[in-house]
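**Q** what's the 3D shape of this:
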Amino acid sequence: MSPSKYGGGLQSLRLFGRQQDEKSLLKHEEVDELECPPGKKGLPCRIVCPFNLSKRYVLALLSSMGFLISFGIRCNLGVAIVDMIDNSTDKRTGEIRPAEFDWSPSQIGILDSAFFWGYLITQIPGGLIAAKFPANRCFGVAIGTSAFLNLLIPGACKVSIELVIFVRVLQGLVEGVTYPSCHGMWRWWAPPMERSRLATISFC
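**A** Numbering: from 1, shown residues only. As a prediction, this is how the structure comes out:
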């Protein structure tokens, strides 16, 4: 198939492809460098990704997994604390098992809410950070840092509850950047007609 066969249609197709690529942060020159099917050289081609997905959908799935990790980190201490402060009777031996941590209900309430103290603070600054720096990297660094801080919690529990509260506040500060960063990613990567679909995949 020769380009002359397309006439003016080829020119309009190139123009449409250029507009779509600029909306998704992909330059038109980079599209021309991609491997195209035989006989279709010169036409805008799709980026080849695993499972035949475009890069935008791969990004949507990865950000969805990032949010899954984020919510797991947010909720895991609330689940684990039930056993950490349990001093019930052992059913097999009949002995009263002392609680591993002697924390009062008010201390536990502070511990549960500590994450959201930090989370509330960085929502608006998170948007400014995601606008100034690459949003996808901000998102990845936030999830990675929060996961690293999560590894410190078992050791912090053995030191003092104040240290655990401090770590949870830091986790909240870090994770407050995730939602603004995700919106920052779709600002550049999602074409207008796909933006709601991609954001829905991420946030589900």
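
**Q** list of residues touching stretch 180-187?
**A** Outside stretch 180-187, the residues that touch it by Cβ atoms under 8 Å, 6 or more residues apart in numbering are 59, 63, 67, 123, 126-127, 129-131, 135-136, 138-139, 142, 195, 198-199, 202-203. Yep, even glycine has a C-beta here, placed from its N, CA and C like the rest.

**Q** now intersect those with the helices, please.
**A** Counting by DSSP state H, the contacts of stretch 180-187 place 59, 63, 67, 123, 126-127, 129-131, 135-136, 138-139, 142, 195, 198-199, 202-203 in helices.

**Q** please look at residue 143 and residue 64 and confirm they touch.
**A** No. Judged on Cβ atoms under 8 Å, residue 143 makes no contact with residue 64 at a distance of 11.8 Å.

**Q** neighbour count winner among the two?
**A** The neighbour count for residue 143 versus residue 64, taken as other Cβ atoms under 10 Å, is higher for residue 143 (23 against 15).

**Q** quick revisit: buried ones from the contacts of stretch 180-187, can you make that a ChimeraX selection?
**A** Buried members of the contacts of stretch 180-187 can be picked out in ChimeraX with the line below, counting by 16 or more other Cβ atoms under 10 Å:
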select :59,63,67,126,127,129,130,135,136,138,139,142,195,198,199,202
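
**Q** which secondary element of this structure has the worst mean pLDDT?
**A** The helix or strand of the chain with the lowest confidence, counting by mean pLDDT, DSSP states H and E, is helix 28-33 at a mean of 38.

**Q** which other helices and strands does the helix or strand containing residue 80 contact?
**A** According to DSSP states H and E, residue 80 maps onto helix 55-84. On a contact count with 3 or more Cβ pairs under 8 Å, 6 or more residues apart in numbering; DSSP states H and E, helix 55-84 meets helix 105-121, helix 135-159, helix 161-175, helix 178-189, helix 195-203.

**Q** in a markdown table, list those helices along with distance to residue 92 and mean pLDDT.
**A** Shown next, in a markdown table, are the helices and strands packed on helix 55-84 (distance: least, Cβ to Cβ, whole Å; pLDDT from 0 to 100):
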| stretch | distance to residue 92 | mean pLDDT |
| --- | --- | --- |
| helix 105-121 | 27 | 90 |
| helix 135-159 | 26 | 92 |
| helix 161-175 | 30 | 94 |
| helix 178-189 | 44 | 86 |
| helix 195-203 | 45 | 87 |
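
**Q** same list, those helices, but as CSV with distance to residue 95 please.
**A** Output for the helices and strands packed on helix 55-84, formatted as CSV (distance: least, Cβ to Cβ, whole Å):
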stretch, distance to residue 95
helix 105-121, 24
helix 135-159, 23
helix 161-175, 26
helix 178-189, 45
helix 195-203, 47
